[in-house]
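*Asks:* okay, predicted coordinates and the sequence, questions at the end:
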Amino acid sequence: MTEVYNIESLSQGAAAIEHAAEALRAGRLVAFPTETVYGLGANALDSAAVARIFAAKGRPANNPLIVHVNSTAAARELTAEWPATAELLAARFWPGPLTLVLRKHSSVPDITTAGADTVAVRAPAHPVALALIGAAKIPVAAPSANRSCEVSPTTAEHVRKSLADRVDVVLNGGPTSGGLESTVLDLSVNPPRLLRPGMIAPSVLENVIGTISRPQLDRDDGSKPLASPGTSARHYAPRAPMELRVPSDSSRLEQLVATGAKIGWLALARPTIDSPALVLIQMPTDPIAFAARLYAALHELDGAGVGRIIVDMPPDDEAWLAVRDRLRRGAAPGERGT
Ligand code: TXA
Ligand code: MG
């Protein structure tokens, strides 16, 4: 049985956090809120505990995990080298939605990094996450707290629906504020390389450390997601097939609605079509608000049992980079990712 604790404030939730920290130290799995999405945590230094993450998610063994820490000093202990770029970025963005990939220290087990000689580290900006890591006094490996084939969770309810009893303890800290997974930047190569766009944009990183390489981003034709190890194109996908549309083109939507099938629509444009078969979610036109809403909206449409999801594609501009990446992955044909 999963134990679920509602953490309304740190002082009132202190006992639950201490209990969850004890569970982590004992090799068990704890789901906890971060500022991006909920994470499924285990002791990053305990191979058997980390193996339970892969099993619970059904995650391929070649997809490495992010190790969560509560300080720069703790991150440094997990790495074999800590370049000046890491120091600058951690000072500027931690705690926050930025993951840094660095040469790993030998104390980090191979299973955590999927055999890579690098480790991904980040300090999450959520009081419950920081309190949990602080109380456990260990680094916490945590992917998003969902089964491999599903959309990332932004509420504790999403975690429960996806993982059911595969998680030992859930700390419910309410809906997450960010909504999309962290920016992942590889500092083990020169120049540093963006592996996954997030809400911290590449130009903002460049303001701090100079040029970074942005594979495929310069020609963002909407067709290709970025490469990260073990990450397939079809990632962050809802159960129903998802299609992207140019908001000004209504022909496809009209065609689908005419079939009478139940269709979900994440609309940016003002709705021009009305039908009882249409489950419409009007999305915010601001990228930060859109990101915060996206996964919950996809969970809602899956819950409503739609057969297909149409999404209005936001404009090709840097503020929308992470949102467009997740939408493209969600709509990509083929196997689902994690
Ligand atoms: O916001 C987030 O990052 C959330 C919260 C829970 O922190 N976590 C998350 O984890 O999104 P996950 O496992 O869903 O995504 C981890 C990403 C994957 O794209 C993985 O390939 C990449 O980080 N990654 C992890 N370790 C890496 C490494 N050593 N080298 C390159 N990429 C790595
Ligand atoms: Mg994930």
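*Replies:* Happy to help now that I have it. Ligands and ions are numbered 1, 2, ... in the order given.
*Asks:* so which other helices or strands are in contact with the helix or strand of the chain with the lowest mean pLDDT?
*Replies:* Least confident helix or strand, the chain: helix 251-258 with a mean of 89, by mean pLDDT, DSSP states H and E. Using 3 or more CB pairs under 8 Å, 6 or more residues apart in numbering; DSSP states H and E as the contact test, the elements touching helix 251-258 are strand 242-245, strand 263-267, strand 308-312. C-beta: built from backbone N, CA, C; applies to glycine.
*Asks:* got the angle for the second one vs strand 308-312?
*Replies:* Between the direction of strand 263-267 and that of strand 308-312, the angle (axes from the mean of the first three to the mean of the last three CA atoms, to 10 degrees) works out to 10 degrees.
*Asks:* columns mean neighbour count and distance to ligand 1 on top of the helices and strands packed on helix 251-258, output as a markdown table?
*Replies:* As requested, the helices and strands packed on helix 251-258 are exported to a markdown table (neighbours: other CB atoms under 10 Å; distance: least, CB to the nearest ligand atom, whole Å):
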| stretch | mean neighbour count | distance to ligand 1 |
| --- | --- | --- |
| strand 242-245 | 19 | 18 |
| strand 263-267 | 23 | 21 |
| strand 308-312 | 22 | 20 |
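*Asks:* now the ones you listed as JSON lines including mean pLDDT?
*Replies:* Supplementary listing: these in JSON lines, determined by pLDDT from 0 to 100:
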{"stretch": "strand 242-245", "mean pLDDT": "94"}
{"stretch": "strand 263-267", "mean pLDDT": "96"}
{"stretch": "strand 308-312", "mean pLDDT": "96"}
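*Asks:* can you map out the helices along this structure?
*Replies:* Along the chain, the segments classed as helices by DSSP state H run 14-25, 47-57, 72-77, 84-93, 127-136, 156-163, 202-209, 251-258, 287-303, 321-331.
*Asks:* tally of neighbours for residue 9?
*Replies:* 9 (other CB atoms under 10 Å).
*Asks:* now the phi/psi pair for it, please.
*Replies:* phi -150, psi 160 (degrees, to the nearest 10).
*Asks:* for residue 318, see how far away it is.
*Replies:* 36 Å (CB to CB, to the nearest Å).
*Asks:* one more: residue 85?
*Replies:* Counting by CB to CB, the gap from residue 85 to residue 318 is 21 Å.
*Asks:* so the two - more neighbours on which side?
*Replies:* Applying other CB under 10 Å to residue 85 and residue 318 shows that residue 85 carries more neighbours, namely 20 against 14.
*Asks:* ok, now which ones touch the more buried one?
*Replies:* Listed by CB atoms under 8 Å, 6 or more residues apart in numbering, the contact partners of residue 85 are 187, 192, 209.
*Asks:* contacts for stretch 285-292 next, please.
*Replies:* Here stretch 285-292 makes contact (CB under 8 Å, 6+ apart) with 154, 176-180, 199, 268, 283-284, 314, 319-320, 322-323.
*Asks:* that stretch - what's its average pLDDT?
*Replies:* Here stretch 285-292 scores 98 as its mean pLDDT.
*Asks:* now that stretch, how far from the centre of its chain.
*Replies:* 15 Å (CA atoms, centre = their mean, to the nearest Å).
*Asks:* is ligand 1 within reach of that stretch?
*Replies:* No: residues of stretch 285-292 are not located near ligand 1 by CB under 6 Å from any ligand atom, the shortest gap being 11.5 Å.
*Asks:* which regions of the stretch 201-338 of the chain lie under the pLDDT threshold?
*Replies:* Applying pLDDT under 70 to the stretch 201-338 of the chain picks out residues 216-235, 334-338.
*Asks:* so who does residue 123 touch?
*Replies:* Neighbouring residues of residue 123 by CB under 8 Å, 6+ apart: 68-72, 74-75, 90, 94-96, 130.
*Asks:* end to end on stretch 7-21, go ahead and measure it.
*Replies:* Start and end residues of stretch 7-21 are separated by 14 Å (CA to CA, to the nearest Å).
*Asks:* for burial, what's the neighbour tally of residue 277?
*Replies:* Using other CB under 10 Å, residue 277 has 14 other residues around it.
*Asks:* what's the answer for residue 133, then?
*Replies:* 24.
*Asks:* just give the closest residue to it, not the sequence neighbours.
*Replies:* Spatial nearest neighbour of residue 133, chain neighbours left out: residue 70 (4.3 Å); criterion: CB to CB, 6 or more residues apart in numbering.
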